[in-house]
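Colleague: A structural model of the following input is requested.
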Amino acid sequence: MGVTKSEEFSVKDNRVANYAKALGHPARVAILRILLKKESCYCGDIVGELPLSQSTVSQHLKELKEAGIIKGTIAGAKICYCIDAATWEQMQFVFGNLLTRPIADNECC
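Modeller: Below is the predicted model:
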């Protein structure tokens, strides 16, 4: 596999890219919508709301957790997931800054 050269970019740009990668699958976006609606949820409850197997949902939860977007708390044999509030605020800030910048009014393309 090729070298990404991510170290050549700023910490901020790498952070935005990591969040974007974690959001790069519709199942993960759907999981976040579920967690936003319910505040916290067990994996089995999320599986019940999506047309995916438990193992697939678990893999998507793992990706979101590795990106720091969600947290998981062990409750017996189950894991309760919720959105990490600090990361969510950071995501709102970095995406907001990126997407609210005006586009230069030039005659490109």
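Colleague: What distance do you get for the spatially closest residue to residue 27 that is not a sequence neighbour to residue 50?
Modeller: Nearest non-adjacent residue to residue 27, counting by CB to CB, 6 or more residues apart in numbering: residue 60, 4.9 Å away. In short, each C-beta sits where N, CA and C put it, glycine included. Applying CB to CB, to the nearest Å, the value for residue 60 to residue 50 is 9 Å.
Colleague: Which of these two has more residues huddled nearby?
Modeller: residue 60 (20 against 16; other CB atoms under 10 Å).
Colleague: other SSEs contacting the helix or strand hosting the more buried one?
Modeller: Residue 60 belongs to helix 54-66 when elements are defined using DSSP states H and E. Counting contacts by 3 or more CB pairs under 8 Å, 6 or more residues apart in numbering; DSSP states H and E, helix 54-66 packs against helix 11-22, helix 26-38, helix 43-49, strand 70-75.
Colleague: which residues are contacting the longest helix along the chain?
Modeller: For the chain, the helix reaching the highest residue count under DSSP state H is reported as helix 85-99. Helix 85-99 has contacts (CB atoms under 8 Å, 6 or more residues apart in numbering) with 12, 15, 16, 19, 67, 68, 69.
Colleague: Now render the residues you listed as TSV, adding pLDDT.
Modeller: As requested, the contacts of helix 85-99 are exported to TSV (pLDDT from 0 to 100):
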residue	pLDDT
12	85
15	88
16	90
19	94
67	95
68	95
69	97
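Colleague: Derive a PyMOL selection command for the buried subset of the residues you listed.
Modeller: Listed next is the PyMOL selection for buried residues among the contacts of helix 85-99, using 16 or more other CB atoms under 10 Å:
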select buried, resi 15+16+19+67+68+69
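Colleague: Closest one of the contacts of helix 85-99 to residue 103?
Modeller: For these, the closest approach to residue 103 (CB to CB) belongs to residue 16, at 17.6 Å.
Colleague: contacting residues for that closest one?
Modeller: 94, 95, 98.
Colleague: what separates the first one from residue 18, distance-wise?
Modeller: This means residue 94. Counting by CB to CB - residue 94 and residue 18 are separated by 10 Å.
Colleague: in this structure, which ranges drop under the pLDDT threshold?
Modeller: 1-4, 108-109 (pLDDT under 70).
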